[in-house]
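Colleague: I'd like to go over a predicted model; first the sequence, then the structure.
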Amino acid sequence: MRDLLSSPFVQPVSDKLQADLECIKSSELIHLHAPANLEGLLAIGQLEAACLDAGIKYRRRFYLPKHHRPRDELLEISSPSSGVNVVIASEEDTWQVDDLADVDGVNFVPLATSVQMGSQHRIHHGSLDCVIQCAAIAALLAPNGRRVRKLRPYLSLGLWLRGALDTTLDPIHSAALLHLKEEGSVRIVPLPEVIQPRQGMIPHLPERRLMKLQKAWPGMNVDERKQALSELILPCLTDSSLSTPRLEELVWKRMLVGEEKIDLASQADALREGWPEDADASRLHAAKRLDHWLRTGFLMLEDEATV
């Protein structure tokens with residue numbers, strides 16, 4: 001795994017994350033807190049994997065997400081009698097790192113960052129979500145950890161779940177994908193190379209034509225593949241419910257781990273759709289799903305893989 005803190009898109013907030021790392025390393029007990037939703041699970045899972053691999057004592061608690069709390073209710077986490085709180089506030093708006101208040105313990109919120117992209121090296125601004133921040137620290141806590149390595153490919157899903165891709169290209173998501181690809185954590189492939197993509201993610205996609213294209217794909221050259229994919233998605237271009245940037249990601253940039261049949265975006269979509277609405281059920285679901293993820297390295301259950 002390559003060091004995320006030294007990567008260009010994390011570098012602007014690396015001092016803050018380095019301080020968080022030192023706080024966690026120096027604590028006798030870590031109290032992990034995250035919202036009981038998919039983004040909270042993805043973030044807390046990275047840290048919990050590192051704690052297990054590195055032998056760090058910790059406790060875990062999922063709190064109710066915003067939509068289960070009164071609109072004006074602020075998130076309050078009691079100070080522990082021993083150890084330090086590590087609070088993942090992934091539902092917060094994006095903060096400038098210099099505007100963060102001093103807190104006891106560690107508090108993760110989305111942070112403003114930037115990255116240079118393109119042949120003209122233009123600076124693009126975006127948000128560094130809590131999942132990537134937690135993954136960066138997890139890799140430093142347990143650089144050779146078995147669980148940390150298993151969960152590493154999922155670090156870009158936090159940005160995938162956020163709304164930036166619903167309006168425009170997300171430069172931080174693109175940079176995170178490139179980082180994962182270059183270190184060998186994921187393969188980036190077009191849709192026909194995914195053996196079992198989740199249906200319904202692309203409105204009006206002709207699924208039968210996709211199945212035929214999957215069979216013909218190995219024998220096609222580059223130009224034939226581009227033409228076939230362009231024709232495949234023509235019916236999808238009239239649907240305004242899916243932005244062009246997200247459509248491009250779903251068609252050309254599916255994330256696969258090794259030789260897995262199901263890509264990461266399909267896994268995230270299945271989990272988000274099946275998440276319980278009930279407040280208490282959502283916390284229990286998050287805890288059980290996190291246990292499964294830490295044990296297997298796979299977000300979906302076996303019976304969900306056929307949906």
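Modeller: It's in.

Colleague: and Ile123, how many neighbours does it have?
Modeller: 9 (other Cβ atoms under 10 Å). All C-beta atoms are positioned from the backbone trio N, CA, C, and that covers glycine.

Colleague: Over to Trp275?
Modeller: Neighbours of Trp275 (other Cβ under 10 Å): 17.

Colleague: Could I get the contacting residues of it?
Modeller: By Cβ atoms under 8 Å, 6 or more residues apart in numbering, the residues touching Trp275 are 37-38, 282, 285.

Colleague: so it is in which element?
Modeller: Per DSSP states H and E: Trp275 is located in neither a helix nor a strand.

Colleague: Dihedrals phi and psi, it?
Modeller: The phi/psi pair for Trp275 (degrees, to the nearest 10) reads phi -70, psi 130.

Colleague: So which residues of the stretch 101-250 of the chain form helices?
Modeller: Here the stretch 101-250 of the chain has its helices, by DSSP state H, counting those that start in this stretch, at 130-141, 146-151, 157-161, 171-183, 207-216, 222-232, 244-252.

Colleague: buried stuff in the fourth one?
Modeller: It stands for helix 171-183. 171-180 (16 or more other Cβ atoms under 10 Å).

Colleague: So for Ile30, which of the helices of the stretch 101-250 of the chain sits nearest?
Modeller: Closest of the helices of the stretch 101-250 of the chain to Ile30 is helix 130-141, at 10.0 Å (criterion: Cβ to Cβ).

Colleague: Pull the contacting residues for the nearest residue to Gln267 once chain neighbours are set aside.
Modeller: Nearest residue to Gln267, sequence neighbours excluded (Cβ to Cβ, 6 or more residues apart in numbering): Leu299, at 4.5 Å. The contact partners of Leu299, by Cβ under 8 Å, 6+ apart, come to 154, 264, 267-268, 271, 289, 292-293.

Colleague: again, only using 7 Å
Modeller: By Cβ atoms under 7 Å, 6 or more residues apart in numbering, Leu299 lies in contact with 267, 271, 293.

Colleague: In which helix or strand does it reside?
Modeller: Applying DSSP H and E, one finds Leu299 in no helix or strand.

Colleague: Now do it against Arg61, distance only.
Modeller: Relative to Arg61, Leu299 is positioned 21 Å away (Cβ to Cβ, to the nearest Å).

Colleague: quick revisit: would you turn the helices of the stretch 101-250 of the chain into a markdown table with distance to Val13?
Modeller: Converted to a markdown table, the helices of the stretch 101-250 of the chain look like this (distance: least, Cβ to Cβ, whole Å):
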| stretch | distance to Val13 |
| --- | --- |
| helix 130-141 | 8 |
| helix 146-151 | 20 |
| helix 157-161 | 15 |
| helix 171-183 | 11 |
| helix 207-216 | 40 |
| helix 222-232 | 37 |
| helix 244-252 | 24 |
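
Colleague: so which of the ones you listed comes closest to Asp104?
Modeller: Among those, the nearest to Asp104 by Cβ to Cβ is helix 130-141 (17.7 Å).

Colleague: quick one: contacts of the closest one?
Modeller: Contacts of helix 130-141 (Cβ under 7 Å, 6+ apart): 1, 4-5, 10, 17, 20-21, 24-25, 39, 42-43, 46-47, 49-50, 54, 56, 88, 90, 108-110, 148, 152, 155, 157-158, 176.

Colleague: One more: stretch 91-100?
Modeller: Looking at stretch 91-100 with Cβ under 7 Å, 6+ apart, the contacting residues turn out to be 13, 16, 35, 65-66, 109-112, 127.

Colleague: ok, Ser79 - how many residues close by?
Modeller: Around Ser79 there are 10 residues (other Cβ under 10 Å).

Colleague: Same check on the one 5 residues further on?
Modeller: For Val84, the tally of surrounding residues (other Cβ under 10 Å) stands at 17.

Colleague: which residues touch it?
Modeller: 23, 27, 30-31, 105-106.

Colleague: May I ask which of the residues you listed comes out lowest in pLDDT?
Modeller: By pLDDT, Gly105 ranks lowest within the contacts of Val84, coming in at 92.

Colleague: and that residue, how far is that from Ala136?
Modeller: Gly105 is 18 Å from Ala136, by Cβ to Cβ.

Colleague: between these two, who's got more neighbours?
Modeller: Using other Cβ under 10 Å, the more surrounded residue of Gly105 and Ala136 is Ala136, with 25 against 19.

Colleague: Neighbours of Glu193, how many?
Modeller: So Glu193, with other Cβ under 10 Å, has 16 neighbours.

Colleague: and what of Ser240?
Modeller: By other Cβ under 10 Å, the residues close to Ser240 number 7.
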